[in-house]
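# sequence first, predicted coordinates after that:
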Amino acid sequence: MAHVQRMSTTMIKTLRDDPADAETASHKLLVRAGYVRRTSAGVWTWLPLGKKVLDNVSRVVREEMDAIGGQEVLLPALLPKEPYEASGRWEEYGDLLFRLKDRKGADYLLGPTHEEIFTLTVKDQCTSYKDLPVILYQIQTKYRDEARPRSGVLRGREFQMKDSYSFDTTDEGLAESYRLHREAYTRIFERLGLDYRVVSAVSGAMGGSASEEFLAPAGAGEDTFVDCPACDYAANTEAVTAVVAPADPSGHGPVEELDTPDTPTIETLAAHLGVPASATLKNLLVKVDGEITAVGVPGDREVDLGKLGEHLAPAVVELVTAEDFVGRPDLVRGYVGPQGLGVRYIADPRVAPGTAWVTGANKADTHARNVVCGRDFEVDQYLDVVVVEPGDPCPRCGAGLEIGRAIEIGHIFQLGRKYADAFGLDVLGQQGKPVRVTMGSYGIGVSRAVAALAEQTHDESGLCWPREVAPADVHIVAAGKAVQTELALELAEKLGAAGVRVLVDDRAGVSPGVKFTDAELIGVPTILVVGRGAASGVVELKDRRTGTREELPVDEALTLLA
Ligand code: ATP
Ligand code: MG
Ligand code: MG
Ligand code: MG
């Protein structure tokens, strides 16, 4: 009975109550329905049901990656420091990296993403333009010491990611590899049954230019995106450009550079806040005792507020969210970082509202006044804007924008030659001369996708999986005595033999009521109840999602399901 799983012998322990610390539906339900268990903060054990769903997601990802010619490999998670030093990320990643030493004292890290090692792999394996293009991928465990691991497997410190990397000799080749990935991602998320949007994104710590995110709209998401109802414009608010640019740039004078040690540069802020102004400090807005102020962190907006809080005690430190800026255009104007350098526009409360100040890492102890996005900086490459309100004009067509929350489930980047430059990745070109390779990198949160699906598809009774990812096709409930259990097992065997994946609740001494509740909670798409009608050969079929029930003879049920 290869496709049959009996609840009497499977480790499935459902819980009546939500875990105390759980805030999101996916966290509550995946724990309660026995899919995952917390091992430590942001570190999760996948139990039998959960592992099945995780494997189903992986299978879909794998099939679609193979379909675009991706070659699956498996790189280590335990990595030497040196390549990450060469790329600069040993420093850049700061506290996000899990670092460790071996017995000889050599530095290692647990891989957060693998651009460096893939670049080295290709450098080792590919010597000629004839070896390219190549797309390599893996489905592997990643480690990031997230500042706020929460929401269950939605944001883990250990999590499963599909990461792939493309290697091409030409820009056109890279564009094609990127297009292939974009299409593969579209197919993957459609097959998984996720509601998603493709939006423009910033490229964050990865560097590089073109980048899009796949976002799954959900209240539990940590990303905010704008969506234009009138055209196809959609962007992470981190990437919105025109919205924040002053309506009339001509009203602003030329950029004035100010030597302003007493205004909030990163360094002066660091000093002001009592945070060591080390090289890794740059670009973060936080609220200190309710006042928005800037301090620095590496990479994106994540910071270990606990640690920061210790420095700042007794001040109360909170992370600023986009909502904090709604209706406060006087506070923050945006965030531009040509070539990945962060520059934050801050309107200092001490200057006239609407006057943009720049504080940032581009020039120490210098601020600029009258900066206009797009005029004074390349804004299209790397722009993080937090001032956007519903109804703001779409930068493409002018219609009122809608704003929503979403979960980042995938991210695709055209990296360009950043890593090839760092590691001298060349192949012999057609003319016999070395050609520098250009790269793309592409991620899917495999474990996060499980949580995103749970967020989008659950109802008040429990999980409600799309068939492709569900841990089984049919959940047979033996509701009664031995007669019912016997028939339930017989049906399970027949369906299993026909290739239908069956979970059968054959537990003795468990009331039908508890079994029904568990079936709803576990969320298999079809529930087949073997109850009172069993003696006369009648069973009940229930569609988990719609709640539709139907009584029918056993044979008909079998034909329908097999
Ligand atoms: P986020 O903005 O949510 O922190 P990210 O932009 O840092 O994600 P990427 O570096 O783009 O993540 O990684 C590729 C994918 O891996 C993401 O799109 C996301 O789906 C997934 N992912 C990233 N961090 C986590 C995490 N801590 N837990 C689970 N999945 C994650
Ligand atoms: Mg992140
Ligand atoms: Mg992100
Ligand atoms: Mg990302």
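Received it, and whenever you're ready, just let me know what you need. These numbers were taken from a predicted model, which means no experiment stands behind them. Ligands and ions are numbered 1, 2, ... in the order given.
# now do the buried residues in the longest strand along the chain.
As assigned by DSSP state E, the longest strand anywhere in the chain is strand 402-416. For strand 402-416, burial by neighbour count (16 or more other Cβ atoms under 10 Å) applies to 403-404, 406-416. Where C-beta positions appear, they are placed from N, C-alpha and C, glycine not excepted.
# could you dump those into JSON lines with distance to ligand 1 and pLDDT added?
Shown next, in JSON lines, are the buried residues of strand 402-416 (distance: Cβ to the nearest ligand atom, whole Å; pLDDT from 0 to 100):
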{"residue": "403", "distance to ligand 1": "17", "pLDDT": "83"}
{"residue": "404", "distance to ligand 1": "16", "pLDDT": "86"}
{"residue": "406", "distance to ligand 1": "10", "pLDDT": "94"}
{"residue": "407", "distance to ligand 1": "8", "pLDDT": "96"}
{"residue": "408", "distance to ligand 1": "4", "pLDDT": "96"}
{"residue": "409", "distance to ligand 1": "5", "pLDDT": "98"}
{"residue": "410", "distance to ligand 1": "5", "pLDDT": "98"}
{"residue": "411", "distance to ligand 1": "4", "pLDDT": "95"}
{"residue": "412", "distance to ligand 1": "9", "pLDDT": "95"}
{"residue": "413", "distance to ligand 1": "8", "pLDDT": "92"}
{"residue": "414", "distance to ligand 1": "14", "pLDDT": "92"}
{"residue": "415", "distance to ligand 1": "12", "pLDDT": "91"}
{"residue": "416", "distance to ligand 1": "16", "pLDDT": "92"}
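# if we can go back for a sec, tell me what the longest strand of the chain is packed against?
Where contact means 3 or more Cβ pairs under 8 Å, 6 or more residues apart in numbering; DSSP states H and E, strand 402-416 is packed against helix 171-192, strand 211-217, strand 223-227, strand 438-445, helix 446-457.
# mind putting the ones you listed into CSV with mean pLDDT and mean neighbour count?
Formatted as CSV, those follow (pLDDT from 0 to 100; neighbours: other Cβ atoms under 10 Å):
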stretch, mean pLDDT, mean neighbour count
helix 171-192, 97, 19
strand 211-217, 94, 25
strand 223-227, 82, 22
strand 438-445, 98, 26
helix 446-457, 98, 26
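# now for the ones you listed, which one comes closest to residue 394?
Proximity to residue 394, assessed across those by Cβ to Cβ, is greatest for strand 223-227 (7.9 Å).
# just the CA trace of that closest one, in CSV.
Listed next in CSV are the C-alpha coordinates belonging to strand 223-227 (Å, rounded to 0.1, in the frame of the first residue of the first chain):
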residue,chain,number,x,y,z
ASP,A,223,6.7,43.2,2.4
THR,A,224,4.5,46.0,1.3
PHE,A,225,3.9,46.4,-2.4
VAL,A,226,2.0,48.8,-4.7
ASP,A,227,-0.2,47.5,-7.4
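# tell me which strands and helices that strand is in contact with?
By 3+ Cβ pairs under 8 Å, 6+ apart, strand 223-227 packs against strand 197-200, strand 211-217, strand 234-236, strand 402-416.
# up against ligand 1, what does the stretch 1-150 of the chain have?
Residues of the stretch 1-150 of the chain found near ligand 1 (Cβ under 6 Å from any ligand atom) are 113, 144, 146.
# got the contact list for the second one?
Residue 144 is in contact with 96, 97, 98, 112, 157, 159, counting by Cβ atoms under 8 Å, 6 or more residues apart in numbering.
# next step: the residues you listed restricted to strands.
Those of the contacts of residue 144 lying in strands (DSSP E): 98, 159.
# quick one: the contacts of residue 144 as TSV, columns for neighbour count, distance to residue 461 and pLDDT too.
Shown next, in TSV, are these (neighbours: other Cβ atoms under 10 Å; distance: Cβ to Cβ, whole Å; pLDDT from 0 to 100):
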residue	neighbour count	distance to residue 461	pLDDT
96	22	38	92
97	22	41	96
98	18	38	98
112	20	37	97
157	19	31	97
159	22	28	98
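# write out the residues of the stretch 351-500 of the chain neighbouring ligand 1.
Counting by Cβ under 6 Å from any ligand atom, the stretch 351-500 of the chain sits next to ligand 1 at 408, 409, 410, 411, 443, 445, 447, 448.
# just the strands in the stretch 1-150 of the chain please.
4-6, 36-40, 43-46, 71-72, 78-80, 98-101, 107-110, 134-143 (DSSP state E, counting those that start in this stretch).
# tell me the strands beside the longest one, with direction?
What it means is strand 134-143. When pairs are called by DSSP bridges, strand 134-143 turns out to pair with strand 71-72 (parallel), strand 158-168 (antiparallel).
# most tightly surrounded among these?
Mean neighbour count (mean count of other Cβ atoms under 10 Å) peaks for strand 158-168 among the strands paired with strand 134-143, with a mean of 25.
# return the distance of it from the chain's centre.
Computed by Cα atoms, centre = their mean, to the nearest Å, the chain-centroid distance of strand 158-168 equals 13 Å.
# next one: stretch 505-516
37 Å.
# in it, what's buried?
505, 506, 507, 510, 512, 515, 516.
# who's in contact with it?
Contacts for stretch 505-516 (Cβ under 8 Å, 6+ apart): 6-8, 475-480, 485, 488-489, 518-519, 529, 531.
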